[in-house]
Structure formats: structure tokens, C-alpha cells
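Enquirer: The sequence and its predicted three-dimensional model are supplied below.
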Amino acid sequence: MLVAGFPTGAFQANCYLLAPGEGESCVIVDPGQDAEDGVREALRKHRLTPVAVLLTHGHFDHTFAVAPVCDGHDIPAWIHTEDRELLADPMKGLSNQSAAFFGGRLELREPKAVQELADGAELDLAGLRLSVDHTPGHTGGSVVFRSGTEEGGRLMLAGDTLFAGSIGRTDLPGGDSAVMMESLRDKILPLPDDTVVLPGHGPTTTIGQERRSNPFLADVGETARGGRRTGL
């Protein structure tokens, strides 16, 4: 599997392109602010043809360029039902402080074609089979995408559900710390240790590394065993 990634915009949200290999079809994941040039360069460098954009959630730092990328290549965007409204009204996902930074207005629009995701969906796109897990907590419609590789590895596109050493914030509209803990316990902790995690911000990690060192996952593990939950 070919994976090309780069950070985008002021918030350094990671955008990824996934394909079976060079010269193949691909999917684009989370094209954030100013992502168009990076997407264009990755497509050219690896001779890729995009067939869809996948969105891990609806926050604008992950969706800023979704309309021009999708409409420019005549491809659909896939997003969970509960976050779809954020495509056209990103202010609903911002805190009052963040909204004030943008003068109370941030105008985006949906791409021409939008498909809605649901928990447990299986997507066959660009020669890849991707499993969709609904992981609310950061937003109501947050998801992670999982895929196996021909080399026998496991891959998860985590969005802002899980980072190296941390998890997504839960204090924005649509966030919920208790629901986040449930998502981590039910959807993240059961994954094999060798699962490679491509997060929405920051460096790549693995489930095993996070199980050993991420304090939030340690808290979830204690909660699952009936211990006291701390840290959130």
C-alpha cells in the first residue's frame, strides 16, 4: 500500500492519500486548509487518480479544501451523518473563542457529491477495503478508517480520536468526554498492537505504543476494569 501524507494549514492537520501502489487509483483523507497544492503534488508524484475524499470528522481544519478537491476531480466526499452539517456551517463546531477569531463567520460549502457514513460500513474504493468505526467524543460524527495491507499490516486513520500520546479534545460543540472514553474502550483498545495509527495531527504511532504510554488509554483500561477514571 502507498501512503502519502502532509500537514495542512495553520492547524497542521494531516492530509493523507492512500492507494494500492504507484500509478493507481487513490482516496484522499482530510484535505484541510491549503491542501490543494499538496494534493496536486502527491497525485503528480505518484501518478495517482483520486476516486473519493474520506473525512474523519467535520471540523474545518480537516475539511477546509474538501469542496475544491472534490469538485475539481468530480469525486464524492464521505462523512458521517452526524457531522455532515459542519461542511456548510463550520461555525457549529467551534468554541465561542474560536468563532470570535474568525469574526463570527467562516463560510464553506458542501462538495457537489456527498455520501454519508455509518458505523460498521465497509467501503471498497480505489482497490482498497476500508472499515468504518464510529468513534464519537471529539465530534458526534467522528470516525476512524481501518484497512489491511497486502504486506500483512494493519492501518488506522484516526482523525482526532487518537494521537501519539494524547486524544482529541472534547470541549468543543458536539464533544463529550464520557462518550470519548466509550469510543476508546470499545473501538480503539481492542485493536491489535501492531496496528499503525495515522492521526489527524502529529506523528504516526501504533496501538501498542499508545497502549503502553498514552495516559488516556491507561485511564480507559482502568475504567474498563472497574477502576477509578482520571485525567478527563
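Expert: That came through fine. Residues are numbered from 1 along each chain as shown.
Enquirer: burial of residue 109, as a residue count?
Expert: Counted with other Cβ atoms under 10 Å, residues neighbouring residue 109 total 12. Any C-beta I mention is one placed from the backbone N, CA and C, and that applies to glycine too.
Enquirer: ok, it to residue 64 distance?
Expert: 11 Å (Cβ to Cβ, to the nearest Å).
Enquirer: cool, and residue 156?
Expert: Taking Cβ to Cβ, one finds residue 156 at 23 Å from residue 64.
Enquirer: in the chain, which ranges drop under the pLDDT threshold?
Expert: 95-105, 150-151, 221-232 (pLDDT under 70).
Enquirer: And the helices in it?
Expert: 35-46, 60-63, 66-73, 85-88, 96-101, 177-183, 207-213, 215-224 (DSSP state H).
Enquirer: Mean neighbour count, the ones you listed: which tops it?
Expert: Ranked by mean neighbour count, those are led by helix 60-63 with a mean of 26 (mean count of other Cβ atoms under 10 Å).
Enquirer: what residues does that helix touch?
Expert: Helix 60-63 is contacted from outside by 8-11, 13, 30-33, 55-56, 79, 86-87, 90, 93-94, 106, 108, 159-160, 200, using Cβ atoms under 8 Å, 6 or more residues apart in numbering.
Enquirer: show me what contacts residue 110?
Expert: With Cβ under 8 Å, 6+ apart, residue 110 has these contacts: 67, 77, 84, 87, 88.
Enquirer: thought the fourth one was touching residue 70?
Expert: No - the criterion here is Cβ atoms under 8 Å, and residue 87 misses it with residue 70 at 10.3 Å.
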